[in-house]
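Undergrad: Build me a structure from this.
(chains A and B)
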Protein chains: 2
Amino acid sequence: MTALQDQSTAGAGRTIISVDAMGGDRGPAAVVAGISRSAKKNPDIGFILHGPKAELEKLVARKKALTGRVEIRDAEGVVTMEDKPSHVMRHGKDTSMWSALEAVRSGDADVCVSCGNTGALMALSMVRLRKLPGVNRPAIAVLWPSRNPQGFNVMLDVGADVRADERDLLQYALMGASYARNGLGLDRPRIGLLNVGTEEHKGRAELKLAHDLIKSNADNAGFDFVGFVEGGDIPGDTCDVIVTDGFTGNVALKTGEGTASLIGDLLKEAFQYSPLSRLASVLAVTSMQRLKKRIDPRRVNGGVFLGLNGTVVKSHGSADATGVAAAVKLAFQLSQSGFSHKLAARVASAQEQVQDGSAEQSENGEKE
Amino acid sequence: MTALQDQSTAGAGRTIISVDAMGGDRGPAAVVAGISRSAKKNPDIGFILHGPKAELEKLVARKKALTGRVEIRDAEGVVTMEDKPSHVMRHGKDTSMWSALEAVRSGDADVCVSCGNTGALMALSMVRLRKLPGVNRPAIAVLWPSRNPQGFNVMLDVGADVRADERDLLQYALMGASYARNGLGLDRPRIGLLNVGTEEHKGRAELKLAHDLIKSNADNAGFDFVGFVEGGDIPGDTCDVIVTDGFTGNVALKTGEGTASLIGDLLKEAFQYSPLSRLASVLAVTSMQRLKKRIDPRRVNGGVFLGLNGTVVKSHGSADATGVAAAVKLAFQLSQSGFSHKLAARVASAQEQVQDGSAEQSENGEKE
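TA: A predicted model of the protein is given here:
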């Protein structure tokens, strides 16, 4: 049986990614197709795949690119999109999601990828991986197409928790800056705090407190704080990281996605309207594909859970092979950069309120 | 002097719209160009225009379409975008904004249009027009391009107040439903309450309270309540009116606008990329214009202030002639439908908790 490899084979010199094969809207076939794409493109990735063994073995055996690259760990249970997080925490031991996180917890894999139920994945991650010392509320960060040279901005939290006080927002700033350094390669990310106006007197009381707290920590933490930003700055170029609570961030994320999707559909309609416009659509096809690639949510697929002992990439529930491959790519990149450890060090150092100039210097470069 | 008419001339059988000529980013010339367009298209509108008399007279004299249609009311002061609302409330008596609202307060005009400072306009509107009995927080409602047959959804509040408790959210539902009936011609609008998930257990505590309160009032108020909706439903077709607090609504509005604007720019870039794509852009030009018209924010220009004694339409600060004309059109439409009075009756009837079946029947049709 070529598809099933013991871990040492799959992992020979490779970055091991733990993948939950179940729980996505398109089932395990889409996940296996996605990791097969990743395996083809990147010889340095090995996978531990979690789900019903017999089913997964069949799927994996069909993909040549996965030969010798996958260890399958049997898990019969599946977390559905309808399962309540509290239920999964109590009764989810036999699920593929639990198993996928366990591989990170045990150190067998560097990072976990799942297309499953976000609430359950976050709840399980908190229980199994545990929060980093000093982190009160972990956050989910996403990449958002933007006008910045790097092509994307980071926004967090987009839905780990509906509440966030000023200390949580400061931690989001620290974690978001770390993600922008390691995920986008920005040395000194610019952080903005989401509000309904850029004037300092505007908005809710906790935002004014957060404004001052983040401002006073910016230098030590090695980022620039641009102050309050507005919704229009999320896809803009005034900052690289947008910090907000999980309620507002989730609404903004879904509003942006919904708006982009509506425009995409209206664009298709426009191209179908007349013989002339149909001809135009043929001529413009490569340009349109380039545009689509730039803003396709599947290509920036993957919310990253920040603030845990280990990295978890949450892929869209409806992710197809392209989406899963994008999530795996992000997971690989974060693992390669040693993101988990750098983030932990960053949060710990903010916790200790490092004031020493030389320590600050070396922290800014995110080297040990 | 043909441009300057006394009110009785400008108003002969016409719907009178009070227009603040100052305070927009493009100055009074754009405003005068906008109302000139409206005057050309619609013979039933007369204008009272507020600002520095000499300057406005010159601008109006140049537009033939405005002959006999405009009364100018002299106001030397201008509310700038930087002025704090509290300052304008105390010292703004000589401003064009104050004068424009005064014409509605006195009954000389049916509705007011301004491109000026939103915060100041709302603050002045509350002081001069006063809140409707039973309304705690007035709201700003906008139209949003959507997948619904009517082409637009209503969202409120988008920034009148950053807070809203469950009773405020109920009033937003009532006012938004009234706006959808009169602005979009929907007999029985479907109302959704914005949250981070559609399950009833999700989101903040005040949202659960609001959910139950709106649900229990839906029948009497003549709308359907679809329950919780998500950001993706704002441009969607699951409901016609999206109810939320002014903080979340403002962020969603600006995120959507920013995303649409980014996609528009990337689309232009894509069409410029190669000779082939440039040819395509020529062939597709009418289709693209149709699309642009459909989602152009200038064409749905105008946030409407709800919950006051009188209707105020807030046009975009950066509105050009097209934008101003769109705001005037909306103002005319709302005035024609007797919107202010119907909304007041609706809020009053909800206040009285009308339980009587026949009263409810006639209320649903919004007839007296």
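Undergrad: right, and residue A:80 touches residue A:23 too?
TA: Yes. In terms of C-beta atoms under 8 Å, residue A:80 counts as a neighbour of residue A:23; the distance is 7.0 Å. In short, each C-beta sits where N, CA and C put it, glycine included.
Undergrad: Of those two, which one has the most company?
TA: Comparing residue A:80 with residue A:23 by other C-beta atoms under 10 Å in any protein chain shown, the one with more neighbours is residue A:23, at 25 against 12.
Undergrad: so the residue lying closest to the more buried one once chain neighbours are set aside, which of the three states?
TA: Spatial nearest neighbour of residue A:23, chain neighbours left out: residue A:116 (2.9 Å); criterion: C-beta to C-beta, 6 or more residues apart in numbering or on different chains. Following DSSP: H, G, I helix; E, B strand; the rest coil, the label given to residue A:116 is coil.
Undergrad: just residue A:46 next, same as before
TA: Quick answer, by three-state DSSP: residue A:46 is strand.
Undergrad: Tell me the bridge partners for it.
TA: Beta-bridge pairing for residue A:46 (DSSP bridges): residue A:16.
Undergrad: Verify the contact between residue A:308 and residue A:125 for me.
TA: Yes. Applying C-beta under 8 Å, one finds residue A:308 in contact with residue A:125, separated by 5.5 Å.
Undergrad: Give me the more crowded residue out of these two.
TA: Comparing residue A:308 with residue A:125 by other C-beta under 10 Å, the one with more neighbours is residue A:125, at 27 against 24.
Undergrad: For the residue nearest to residue A:23, which residues are in contact?
TA: Counting by C-beta atoms under 8 Å, 6 or more residues apart in numbering or on different chains, residue A:116 touches A:20, A:22-24, A:79, A:81, A:96-97, A:317.
Undergrad: quick revisit: what do residue A:308 and residue A:125 both touch?
TA: Counting by C-beta under 8 Å, 6+ apart, the common neighbours of residue A:308 and residue A:125 are residue A:138.
Undergrad: sorry, back to before: reformat the contacts of residue A:116 as JSON lines; add secondary structure and pLDDT.
TA: Listed next are those as JSON lines, based on DSSP: H, G, I helix; E, B strand; the rest coil; pLDDT from 0 to 100:
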{"residue": "A:20", "secondary structure": "strand", "pLDDT": "97"}
{"residue": "A:22", "secondary structure": "coil", "pLDDT": "95"}
{"residue": "A:23", "secondary structure": "coil", "pLDDT": "86"}
{"residue": "A:24", "secondary structure": "coil", "pLDDT": "90"}
{"residue": "A:79", "secondary structure": "coil", "pLDDT": "95"}
{"residue": "A:81", "secondary structure": "coil", "pLDDT": "89"}
{"residue": "A:96", "secondary structure": "helix", "pLDDT": "97"}
{"residue": "A:97", "secondary structure": "helix", "pLDDT": "97"}
{"residue": "A:317", "secondary structure": "coil", "pLDDT": "84"}
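Undergrad: Chain B: which of those is nearest?
TA: Distance to chain B across those (C-beta to the nearest C-beta) is lowest for residue A:81, with 10.4 Å.
Undergrad: How about the contacts made by that closest one?
TA: Per C-beta under 8 Å, 6+ apart, neighbours of residue A:81: A:23, A:25, A:116-117, A:317.
Undergrad: Tell me which two in the residues you listed are the farthest apart.
TA: Farthest-apart pair in these is A:25 and A:117; separation 10.8 Å (C-beta to C-beta).
Undergrad: Next, the residue nearest to residue A:23: phi, psi?
TA: Residue A:116 has phi and psi values of phi -80, psi -170 when expressed as degrees, to the nearest 10.
Undergrad: related to what we said a few turns ago, list only buried entries from the contacts of residue A:116.
TA: Buried subset of these (neighbour count, 16 or more other C-beta atoms under 10 Å in any protein chain shown): A:20, A:22-24, A:79, A:96-97, A:317.
Undergrad: how much space between residue A:330 and residue A:142?
TA: Residue A:330 is 10 Å from residue A:142, where distance means C-beta to C-beta, to the nearest Å.
Undergrad: same check, this time on residue A:283
TA: 34 Å.
Undergrad: Please apply the same query to residue A:293.
TA: According to C-beta to C-beta, residue A:293 and residue A:142 sit 18 Å apart.
Undergrad: neighbour-wise, which of these two wins?
TA: residue A:142 (26 against 10).
Undergrad: near chain B, which residues of the stretch 251-368 of chain A?
TA: By the rule C-beta under 8 Å from any C-beta of the partner chain, the part of the stretch 251-368 of chain A lying against chain B is A:251-263, A:265-267, A:269-271, A:273-274, A:276-277, A:279-284, A:286-288, A:290-291, A:294-295.
Undergrad: Now for residue A:110: which residues touch it?
TA: By C-beta under 8 Å, 6+ apart, the contact set of residue A:110 is A:15-17, A:104, A:311, A:335, A:340.
Undergrad: Which positions within the longest helix anywhere in chain A qualify as buried?
TA: The helix that spans the most residues within chain A, counting by DSSP state H, is helix A:246-272. Across helix A:246-272, burial judged by 16+ other C-beta under 10 Å covers A:246-260, A:262-264, A:266-267, A:270-271.
Undergrad: quick one: which of the contacts of residue A:81 is nearest residue A:149?
TA: residue A:317 (31.1 Å).
Undergrad: how near is the nearest residue to that closest one once chain neighbours are set aside to residue B:125?
TA: In this structure, residue A:317 finds its nearest non-sequential neighbour in residue A:25, 5.0 Å apart by C-beta to C-beta, 6+ apart. Note on residue A:25: its distance to residue B:125, by C-beta to C-beta, is 47 Å.
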